[in-house]
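>>> Quick one, what's the 3D model for this:
(chains A and B)
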Protein chains: 2
Amino acid sequence: MLAFLGGTGPEGRGLALRLALAGEQVIIGSRDAVRAVKAAQDLLQHAPGARIEGAANDDAAARAGVVFLTFPYEGQRLLLEQLREPLSGKVVVNVIAPMRFERGRGASAIQVEAGSAAQEAQELLPGSLVTAAFQNVSAEELQEPKTPVEGDVIVCSGHGEAKALAMDLVRKIPNLRPVDGGGLANAKYVEQITPLLVNINRIHKVHAGIRIVGL
Amino acid sequence: MLAFLGGTGPEGRGLALRLALAGEQVIIGSRDAVRAVKAAQDLLQHAPGARIEGAANDDAAARAGVVFLTFPYEGQRLLLEQLREPLSGKVVVNVIAPMRFERGRGASAIQVEAGSAAQEAQELLPGSLVTAAFQNVSAEELQEPKTPVEGDVIVCSGHGEAKALAMDLVRKIPNLRPVDGGGLANAKYVEQITPLLVNINRIHKVHAGIRIVGL
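Numbering: from 1, shown residues only, chains lettered A, B, ... in the order given. Sure, this is the predicted structure:
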């Protein structure tokens, strides 16, 4: 089972929907269990017959084997400190790109002392297999299952099996391609592509993604 | 005329060669005029009849209308402080991606106080029209003119006409596509894609580039 902590947000909803449509059993997590159940019911309207549930974050984290972090960066430290125990031994897929928005300036990356949100998550969860992935995939496109999502997902991790598992999950979403991005130190660069794409989206009125060419 | 300061390095050679093949008049700059002339002669063997010269950096900067910065980041402050006067009023295309290499760790971005090499260059050259471009294009591929270079060049500048001029130069190289990347604040994210690509190259044994999809 795949859990999406903070999965009531657009990125979590979109990923949960796409992976549920691919046959995975998913659970939307939220601070508020009622909101999580509501989000799961909404998603089921786009994916009748799929296996989608909602629960409080801690319950979702405890029940799932693979846990996606799909909440804003600001909440990471507090939530991961609370969930260290249930997340121990599990694959944790960090989708977070630390960003802020300022009027007139657009999106900009938040500096993270550990280097990246993914490295900070690994520090906070020493017993988990943290893997960074999906940060650059448009939440808007993910939420429209009739539209194919184009682009590459760069997957970074120091844990080989966790990386392979995350790359297999990428392949379950039509048209997305996983690219081995090496260790977690490279997640910093991948996370910082997201504010660039957000700013390109504003200029060009699109939902942009990236692709690595020459592979 | 296009000048390439530090153009005896791989990125400068490659860009100068491609733009000379497209009909542009180019001048390779180096600290050492003799090395610059030698590099120009080497390039002419790949592009017989093209207009390629070599000169000392200050001479090249003074003679050209558009000046590319194609030297390692470490040399930027000293050189630009020396060339503030000849570069004034000109379009300066910053190709620099600040990087270091460490054994076992691969490439990593050097933190720049101004945010990016491009923003630092604009601070050092207040009278110039600094534009960031070409940081993600493989120097190896550029130097093999029989192989098409694939990918996008994200162009960032606060100066609209300079940006348009740089985007037109991108279009002169077959298969490369310019993408308007907004203002110079976004150059930071583009520069940091380069160490990521270098590390992906090592993993996959390729010369990778990037493409923005969804445009």
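
>>> C-alpha only now, for contacts and for neighbours.
Will do.

>>> got a pLDDT number for the residue nearest to A:Leu129 when sequence neighbours are not counted?
Leaving aside its sequence neighbours, A:Leu129 sits nearest to A:Val91 (CA to CA, 6 or more residues apart in numbering or on different chains; 4.7 Å). With respect to pLDDT, A:Val91 has a value of 98.

>>> Can you give me the distance of A:Val91 to B:Val153?
35 Å (CA to CA, to the nearest Å).

>>> With neighbour numbers in mind, choose between those two.
Each of A:Val91 and B:Val153 has its neighbours counted (other CA atoms under 10 Å in any protein chain shown); B:Val153 has more, 27 against 24.

>>> who touches the closest residue in space to A:Gly158 that isn't next to it in sequence in this structure?
Take A:Gly158 and drop its neighbours on the chain: the residue closest to it by CA to CA, 6+ apart is A:Gly183, 4.9 Å away. Neighbouring residues of A:Gly183 by CA atoms under 8 Å, 6 or more residues apart in numbering or on different chains: A:Cys156, A:Ser157, A:Gly158.

>>> element containing A:Glu85?
Assigned by DSSP states H and E, A:Glu85 belongs to helix A:84-87.

>>> C-alpha coordinates for that helix, PDB please?
Extracted C-alpha coordinates of helix A:84-87, given in PDB (Å, rounded to 0.1, in the frame of the first residue of the first chain):
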ATOM      1  CA  ARG A  84      10.100   8.500  12.800                       C
ATOM      2  CA  GLU A  85       8.900   5.200  14.400                       C
ATOM      3  CA  PRO A  86       6.200   4.200  11.900                       C
ATOM      4  CA  LEU A  87       8.400   5.200   8.900                       C
END
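
>>> tell me what the longest strand anywhere in chain A is packed against?
If you go by DSSP state E, chain A has its longest strand at strand A:151-157. Under the contact definition 3 or more CA pairs under 8 Å, 6 or more residues apart in numbering or on different chains; DSSP states H and E, strand A:151-157 sits against strand A:129-132, helix A:160-171, strand A:176-180, strand A:209-213.

>>> what's the burial count for the closest residue to A:Met167 other than its chain neighbours?
Spatial nearest neighbour of A:Met167, chain neighbours left out: A:Pro178 (5.3 Å); criterion: CA to CA, 6+ apart. Neighbour count of A:Pro178, defined by other CA under 10 Å: 22.

>>> Contacts only, for A:Pro178.
Counting by CA under 8 Å, 6+ apart, A:Pro178 makes contact with A:Asp152, A:Val153, A:Ile154, A:Val155, A:Met167, A:Asp168, A:Val170, A:Arg171.

>>> what number of residues lie near A:Val179?
Neighbour count for A:Val179, taken as other CA under 10 Å: 19.

>>> Tell me, how many residues neighbour the closest residue to it other than its chain neighbours?
Excluding its sequence neighbours, the residue lying closest to A:Val179 (CA to CA, 6+ apart) is A:Ile154, at 4.7 Å. Residues lying near A:Ile154 (other CA under 10 Å) number 27.

>>> and A:Ile154, what does it touch?
Counting by CA under 8 Å, 6+ apart, A:Ile154 makes contact with A:Ala133, A:Phe134, A:Pro178, A:Val179, A:Asp180, A:Gly181, A:Val190.

>>> Any idea what the third one is bridged to?
According to DSSP bridges, A:Val153 are recorded as the beta-bridge partners of A:Pro178.

>>> What distance do you get for it to A:Arg202?
On the measure of CA to CA, A:Pro178 and A:Arg202 end up 26 Å apart.

>>> repeat for A:Val149
Counting by CA to CA, the gap from A:Val149 to A:Arg202 is 19 Å.

>>> Could you do A:Ala139 as well?
Applying CA to CA to A:Ala139 and A:Arg202 gives a distance of 15 Å.

>>> the more surrounded of A:Val149 and A:Arg202?
Per other CA under 10 Å, whichever of A:Val149 and A:Arg202 has more neighbours is A:Val149, with 25 against 14.

>>> Spatially, what comes nearest to the residue nearest the centre of chain A if we skip its sequence neighbours?
For chain A, the residue nearest the mean C-alpha position is A:Val95 (3.0 Å; CA atoms, centre = their mean). Nearest residue to A:Val95, sequence neighbours excluded (CA to CA, 6+ apart): A:Gln135, at 4.8 Å.

>>> Touching, that neighbour and A:Pro98? I think so.
No: look at A:Gln135 against A:Pro98 with CA atoms under 8 Å: they stay out of range, at 9.8 Å.

>>> Now list whatever residues contact both of these two.
By CA under 8 Å, 6+ apart, the residues touching both A:Gln135 and A:Pro98 are A:Glu191.

>>> Can you report how many residues lie near A:Glu123?
A:Glu123: 14 neighbours (other CA under 10 Å).

>>> What's the separation between it and A:Gln76?
Taking CA to CA, one finds A:Glu123 at 12 Å from A:Gln76.
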